[in-house]
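Asks: sequence-free structure coming up:
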């Protein structure tokens, strides 16, 4: 096989096509995670109750006691108060409770098979995955740069492609600096 921009571009793209597709899906999922997050899909919801109390009584000790009284065996992520509404987030479940009435809701979540795992590709921090992702990033740069030299003539990068590339680069810069 002859080492050309076309061959390099094609073979690296073929090698990474699965990861490109998985990253594309997981990126889209993460962009819209407030609407639907495949790592946290609600599968049960039940009414729960507790002894009414005041919003001022909610502290770390109260949350620990509440968790034990409801037999919630899950890792506490965070809690917050909004007026009289207590929100507690655990690893796989959330509680929303009106502390003055003692009535609330416990929602349990699960991960959507395959789709939920794909979203982890963007947030995984294991050493292996970080290095593999770095190699993937370099490969994407090689694909981008070799792609600039594949087409010849009037539609080449030098004649026309650089204008489209400049416009394509302008969009993220606009979002980054003007809208961010």
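Replies: In hand now; what should we look at? Note that the structure is a prediction, hence the values are computed from the model and not measured. Numbering: from 1, shown residues only.

Asks: neighbours of residue 17, how many?
Replies: 10 (other C-beta atoms under 10 Å). Where you see a C-beta, it was placed from the backbone N, CA and C, and this is true even at glycine.

Asks: what about the longest helix in the protein?
Replies: helix 5-31 (DSSP state H).

Asks: which other residues reach stretch 40-57?
Replies: Applying C-beta atoms under 8 Å, 6 or more residues apart in numbering, the contact partners of stretch 40-57 are 62, 66, 69-70, 81, 83-84, 86, 92, 95, 97, 99-112, 116.

Asks: returning to what we had before: next, the buried residues of whichever helix or strand comes after the longest helix of the chain.
Replies: Remark: after helix 5-31, the chain's next helix or strand is strand 41-49, criterion DSSP states H and E. Within strand 41-49, the residues that qualify as buried are residue 48, counting by 16 or more other C-beta atoms under 10 Å.

Asks: returning to what we had before: now for the longest helix of the chain, which elements pack on it?
Replies: On a contact count with 3 or more C-beta pairs under 8 Å, 6 or more residues apart in numbering; DSSP states H and E, helix 5-31 meets helix 115-119, helix 127-147.

Asks: buried among the contacts of stretch 40-57? Make that a PyMOL selection.
Replies: A single PyMOL command selects the buried members of the contacts of stretch 40-57 (16+ other C-beta under 10 Å):
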select buried, resi 66+70+86+92+95+97+99+104+106+108+109+111+112+116
